[in-house]
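1. Give the three-dimensional model of this entry:
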Amino acid sequence: MANFFSHASFNSNDEAATYNRVAWRLIPFLLILYIISFLDRVNVGFAKLQMSADIGLSDAVFGLGAGIFFIGYAACEIPSNLLLQRFGARFWIARILVVWGIISVSFMFVTTPAQFLTLRFLLGIAEAGFYPGIVLYLTYWFPSKLRSQVCALFFIGIPIAGFIGGPLSGFIMKSMSGVSGFSGWQWLFLLEGAPAIIAGIVTYFYLSNGPKDAAWLTAKERNVIVPALQAEEAAHRAMGHGHRLVDALASPKVWILAVSNFTLLGGIYGISFWLPQIVKDLGVQDVFLNGLVTCIPFAVACVAMVVVGRSSDRTRERRWHIVICATIGALGLIGGATLTGVPALALASLSLALAGALASITVLWVLPSTLLTGAAAAGGIALMATIGNLGGYVAPYVLGLAKEATGRLDFGFYVMSAAMIVGALLVHLLPRNASIDEAEQVPVMPERHAVGMP
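-> Here you go, the predicted structure:
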């Protein structure tokens, strides 16, 4: 079986074997969950190609609906992460999946813009906590030196979802239109929403809350993982890093990371929600062919995320990986706005934009767990996700307003590009210390009970 991590990352063969086994057990399953999650967030972009005429959905209202998801999502993220610590990851993640799956399927019965907006808002509430909850859950298992790679392997679900979701959504909408009296977009919501319900049930029986209650771990493997995480937590506390929720809320560094996350996620979701329409405007009218073309930027992003994540862990460097990738993403957005007369170049530029944004956010998410521990880690990660996901509200809405006002998306692209540059500058201006510049040397773990300890 191939290894997730190079043996050079470890001090012994036993350590390498243990963490690679844990990775094989957890990451593919969590990746599948994230793919389902992202499909249910952005399939509305494909549904719009048909449903707009059926329910009277304007570009501005669609942009609002695409983004309003993140209002409900952001409002509930911090409470959700704290409840995950209280009730355990297995139950809480399963609950999130089942509820959002039910709401996602309900979209097939939408008949008015008001119903569309309401369900988008409720979907955000239902899914709140999934993304930061998984990030927190991964810190229960993996030490700091592996987290950039682990985040990359998890976040790669975004481009994979885009890669398979485009052709799949186009195929469903084209081939299922009219079957049993339902439109193609209605079948899209049904067939892409139901897997979340099934996955939620499987999650409850498959996941463990932490290393201590994982029956599939041997005693030897548990003794590799648990003491290492305890040592990281002790070292982190010795350096005076916060472990209370108030420490996260009062940390300027956490707020800087949150704003940077806002700018990067704005670029990611702005592109993701509008990419089918962008490709259509470039001349691809057939919905299935549209899906095939839209998977190209996501394929490029897959490669970039893995390469950048490995590079960041290998070099023990975070700051410049984030800054350079975010800058490339911003330049890609500018290219996407200015090169629309040459569709191939416009698509290549958007591929760079998505790859840069996703690669930078992969490394960015390593940093909060190097600054905080315990309840502060749970709250800080959720705060970062909360502020960041507001970018998922703002960017699609700005693009929708620009499209409706001018018939073009270039103004919105320029705004998102400028925002990503600001995010890169903020990361660059973070105070220099070991936690940021050599993250692996500053370990952090949640409280002992979070890793299954008494």
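2. can you list the weak-confidence ranges in the chain?
-> Counting by pLDDT under 70, the chain has low-confidence residues at 1-2, 6-9, 41-42, 233-245, 247-248, 369-379, 392, 431-454.
3. Residue nearest the middle of it, spatially speaking?
-> Note on the chain: the residue nearest the mean C-alpha position is F155, at 5.5 Å, using CA atoms, centre = their mean.
4. Skipping its backbone neighbours, what lies nearest it in space?
-> Spatial nearest neighbour of F155, excluding adjacent residues (CB to CB, 6 or more residues apart in numbering): T362 at 5.2 Å. Where C-beta positions appear, they are placed from N, C-alpha and C, glycine not excepted.
5. So which bits of the strand or helix carrying that neighbour are buried?
-> For T362, the host element (DSSP states H and E) is helix 343-364. For helix 343-364, the neighbour count (16 or more other CB atoms under 10 Å) marks 343, 346-364 as buried.
6. One more: stretch 99-114?
-> Using 16+ other CB under 10 Å as the test for burial, stretch 99-114 gives V99, W100, G101, I102, I103, S104, V105, S106, F107, M108, V110, P113.
7. And the third one, how close does it get to N209?
-> Pointing back at G101 there. G101 is 22 Å from N209, where distance means CB to CB, to the nearest Å.
8. closest to R120 among the buried residues of stretch 99-114?
-> The shortest approach to R120 among those belongs to F107, at 8.5 Å (CB to CB).
9. Restricted to helices, list the buried residues of stretch 99-114.
-> Those of these mapping onto helices are V99, W100, G101, I102, I103, S104, V105, S106, P113, per DSSP state H.
10. Need the residues you listed in JSON lines (columns: distance to F69).
-> What follows is these, written out as JSON lines (distance: CB to CB, whole Å):
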{"residue": "V99", "distance to F69": "14"}
{"residue": "W100", "distance to F69": "10"}
{"residue": "G101", "distance to F69": "15"}
{"residue": "I102", "distance to F69": "16"}
{"residue": "I103", "distance to F69": "11"}
{"residue": "S104", "distance to F69": "11"}
{"residue": "V105", "distance to F69": "16"}
{"residue": "S106", "distance to F69": "14"}
{"residue": "P113", "distance to F69": "15"}
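11. In terms of distance to V300, which of those residues ranks first?
-> Nearest to V300 among these: S104, at 27.4 Å, using CB to CB.
12. Out of the buried residues of stretch 99-114, flag the one nearest to G65.
-> Nearest to G65 among the buried residues of stretch 99-114: P113, at 7.6 Å, using CB to CB.
13. in terms of contact, does that closest one touch V61 like I think?
-> Yes - shown here, P113 and V61 form a contact pair, counting by CB atoms under 8 Å, at 5.0 Å.
14. Tell me which residues of stretch 59-77 come out buried.
-> 59, 61-77.
15. Quick one: the helices in the stretch 201-350 of the chain, in order.
-> With helices called from DSSP state H, counting those that start in this stretch, the stretch 201-350 of the chain shows them at 219-238, 245-249, 252-281, 287-315, 319-338, 343-364.
16. I'd say the residue nearest to F155 and V307 touch.
-> No - the pair T362 / V307 is not scored as a contact, 10.2 Å apart, by CB under 8 Å.
17. what are the ranges of the helices in the stretch 1-150 of the chain?
-> 13-55, 59-87, 89-106, 113-127, 130-139, 147-155.
18. Output those in a markdown table, with distance to E232 appended to each entry.
-> Converted to a markdown table, the helices of the stretch 1-150 of the chain look like this (distance: least, CB to CB, whole Å):
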| stretch | distance to E232 |
| --- | --- |
| helix 13-55 | 14 |
| helix 59-87 | 18 |
| helix 89-106 | 19 |
| helix 113-127 | 30 |
| helix 130-139 | 9 |
| helix 147-155 | 11 |
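19. closest one to P276 among the ones you listed?
-> helix 13-55 (4.8 Å).
20. Pull the distance from that closest one to the chain's centre.
-> Its chain's C-alpha centre and that of helix 13-55 lie 9 Å apart, by CA atoms, centre = their mean, to the nearest Å.
21. Also stretch 219-230?
-> On CA atoms, centre = their mean, the centre of stretch 219-230 falls 28 Å from the chain's centre.
22. and that stretch, C-alpha only, in CSV?
-> Extracted C-alpha coordinates of stretch 219-230, given in CSV (Å, rounded to 0.1, in the frame of the first residue of the first chain):
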residue,chain,number,x,y,z
ALA,A,219,-1.9,-0.5,21.7
LYS,A,220,1.5,0.1,20.1
GLU,A,221,0.0,2.5,17.6
ARG,A,222,-1.9,4.3,20.3
ASN,A,223,1.3,4.7,22.3
VAL,A,224,2.9,6.4,19.2
ILE,A,225,0.1,8.9,18.7
VAL,A,226,-1.2,9.8,22.2
PRO,A,227,2.1,10.7,23.9
ALA,A,228,3.3,12.7,20.9
LEU,A,229,0.1,14.8,21.0
GLN,A,230,0.4,15.2,24.8
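23. Which positions within that stretch qualify as buried?
-> Buried-residue list, stretch 219-230, by 16+ other CB under 10 Å: E221, V224, I225, V226, A228, L229.
24. With stretch 206-223 instead?
-> Buried residues in stretch 206-223, counted by 16+ other CB under 10 Å: L207, S208, N209, G210, P211, K212, A214, L217, E221.
25. for stretch 388-406, same thing?
-> Buried-residue list, stretch 388-406, by 16+ other CB under 10 Å: 388-403.
26. ok, now stretch 165-177?
-> G165, G166, P167, L168, S169, G170, F171, I172, M173, K174, M176, S177.
27. Surely the third one and C295 touch.
-> Same thing as P167. Yes - using CB under 8 Å, P167 makes contact with C295 at a distance of 6.0 Å.
28. As CSV, the buried residues of stretch 165-177 with secondary structure and distance to P159 would be great.
-> Shown next, in CSV, are the buried residues of stretch 165-177 (DSSP: H, G, I helix; E, B strand; the rest coil; distance: CB to CB, whole Å):
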residue, secondary structure, distance to P159
G165, helix, 10
G166, helix, 11
P167, helix, 14
L168, helix, 14
S169, helix, 15
G170, helix, 17
F171, helix, 19
I172, helix, 20
M173, helix, 21
K174, helix, 23
M176, coil, 25
S177, coil, 28
